[in-house]
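[1] need coordinates for the following:
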Amino acid sequence: MNALETFVAVAHRIVWANLATVDGRGRPRSRLVHPVWEHEGHALTGLVGSRPTPLRRAHLRHSPYVSVAYWDSAHETAVAECTARWLPACEHAAAWERLRSAPAPAGYDPAIAWPGGPAGEDFAVLVLEPWRLRVWQPPAPPVVWRAPTLAETH
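    From the prediction side, this is the model:
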């Protein structure tokens, strides 16, 4: 398994993660989230159903960078350092279906948290695009992956 596959396997097994943003004064704020990660080729993207609160919108306007951390009682950890952006509303229905149809335990029915459905005002989707991943499955040494830079891809 490569680093991206290992990250997704650990994240989808643990399911719940801590997502940290930074406010306009540089102070971190954390919340629990339920990301679904999609791995295709050399790309990894996370989708997070989220309420688009004024606070969350302000934090991401200030800094679009987030940290997503998973931990379990065996001390396995998976951390994704990401750029985050709000998905346009016209794409919410497709993202809703991707969250709903992902394999268990990562996949879930978003209607549990958002009864108004994908068009509801309280439903939004954060798209996470990692630039760095770190997975540690003791006793093995940590595995670190970094997204290729633009120069490396051309």
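
[2] ok, and what's touching stretch 64-71?
    10-11, 14, 16-22, 33, 35, 46, 60, 76-85, 128 (C-beta atoms under 8 Å, 6 or more residues apart in numbering). The way it works is simple: take the backbone N, C-alpha and C, and place the C-beta from them, glycine included.

[3] which of those fall within strands?
    Using DSSP state E, 17-22, 33, 46, 77-85, 128 are the members of the contacts of stretch 64-71 that sit in strands.

[4] can I have the buried ones of the residues you listed as a PyMOL selection?
    Only the buried entries of the ones in strands among the contacts of stretch 64-71 go into this PyMOL selection, using 16 or more other C-beta atoms under 10 Å:
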select buried, resi 17+19+21+22+33+46+77+78+79+80+81+82+84+128
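
[5] and the pLDDT for residue 151?
    pLDDT recorded at residue 151 is 52.

[6] which stretches of the protein form helices?
    Assigned by DSSP state H, the chain shows helices spanning 3-14, 54-62, 92-101, 150-153.

[7] make CSV out of those and add distance to residue 109 and mean neighbour count.
    Shown next, in CSV, are the helices of the chain (distance: least, C-beta to C-beta, whole Å; neighbours: other C-beta atoms under 10 Å):
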stretch, distance to residue 109, mean neighbour count
helix 3-14, 16, 18
helix 54-62, 22, 14
helix 92-101, 6, 16
helix 150-153, 37, 7
